[in-house]
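Colleague: I would like the atomic coordinates for the input below:
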Amino acid sequence: MTPTNNTLAPILARKHTGVFIGLSIIILWAISLILNFIFPVVWTNPLTYVRILIQAHLFTGLFITAHDAMHGVVARHNPKLNHLIGKIASGLFIFNEYKKLRPKHYEHHKFVGTEKDPDFHRGKESFLYWYLDFLKEYISWKQVILAAISFNIAKIWVAEPNLILYWVVASVLGTLLLFYFGTYLPHKGEHDNDHHSSTQKKNHYWAFLSCYFFGYHYEHHDSPNTPWWLLWTRKELN
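Modeller: Numbers count the residues shown, from 1 in each chain. The predicted model follows:
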């Protein structure tokens, strides 16, 4: 059964819902990562690969939480708490810097689809080049160095295959999910609307699993102050 505005929206729009959801994603990411670090990797067990996908999804959730904090909708009633959660979520995603991501994201909304858009790529149909541009735009040498140091320190306690699969591979897959569903698909090609964006077909379950409803990308640009967990309600209006 597909949720409707009349059943879930009022509950999800309550004052502290954003804080609860944001902290829940951070806590679930941490618990999942710790458990994945503890249990040995069994290459022949299909659950190993399921766990990678779950961890990747939670990495994506960290960035989506930071993104919503940039729009001030994680803790609308408390800007300091809002940005603190955003900083924690972005930092846990391989040392992303919230203070650098935030202005870039504002530029994306203000100059979407133009040369001033940091997410813009001239080769609009070239997935690989666009993805490499995306990584170059958002990954710094400071992040790489911190990640390398952390990896080598963590090897003291965590088996290297676990670190590679559940921290490195899962985070890379997380960036792919963000890029593919949140940048590449909605912004590739030409669009005859002010947001230079397309949107996924309405399927709330797939929209959540793929990228926390950010495939509903036109709806996000049309209502940037709608938090991710309510984007499906914007889709319901179309």
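
Colleague: where does the protein have low pLDDT?
Modeller: By pLDDT under 70, the low-scoring segments of the chain are 1-15, 122-124.

Colleague: try it again at 80.
Modeller: By pLDDT under 80, the weakly predicted segments of the chain are 1-15, 121-125, 189, 191, 238.

Colleague: show me where it has helices.
Modeller: 9-12, 17-38, 46-70, 79-92, 98-110, 127-138, 141-154, 160-163, 170-179, 185-187, 204-211, 217-222, 231-236 (DSSP state H).

Colleague: now those helices in a markdown table, with mean neighbour count?
Modeller: All C-beta spots, glycine's among them, are computed from the backbone N, C-alpha and C. Formatted as a markdown table, the helices of the chain follow (neighbours: other Cβ atoms under 10 Å):
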| stretch | mean neighbour count |
| --- | --- |
| helix 9-12 | 12 |
| helix 17-38 | 17 |
| helix 46-70 | 21 |
| helix 79-92 | 19 |
| helix 98-110 | 15 |
| helix 127-138 | 15 |
| helix 141-154 | 12 |
| helix 160-163 | 15 |
| helix 170-179 | 20 |
| helix 185-187 | 22 |
| helix 204-211 | 17 |
| helix 217-222 | 22 |
| helix 231-236 | 20 |
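
Colleague: save the ones you listed as a markdown table, and put in distance to residue 193 too.
Modeller: Output for those, formatted as a markdown table (distance: least, Cβ to Cβ, whole Å):
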| stretch | distance to residue 193 |
| --- | --- |
| helix 9-12 | 25 |
| helix 17-38 | 28 |
| helix 46-70 | 21 |
| helix 79-92 | 28 |
| helix 98-110 | 14 |
| helix 127-138 | 20 |
| helix 141-154 | 34 |
| helix 160-163 | 43 |
| helix 170-179 | 21 |
| helix 185-187 | 11 |
| helix 204-211 | 19 |
| helix 217-222 | 7 |
| helix 231-236 | 14 |
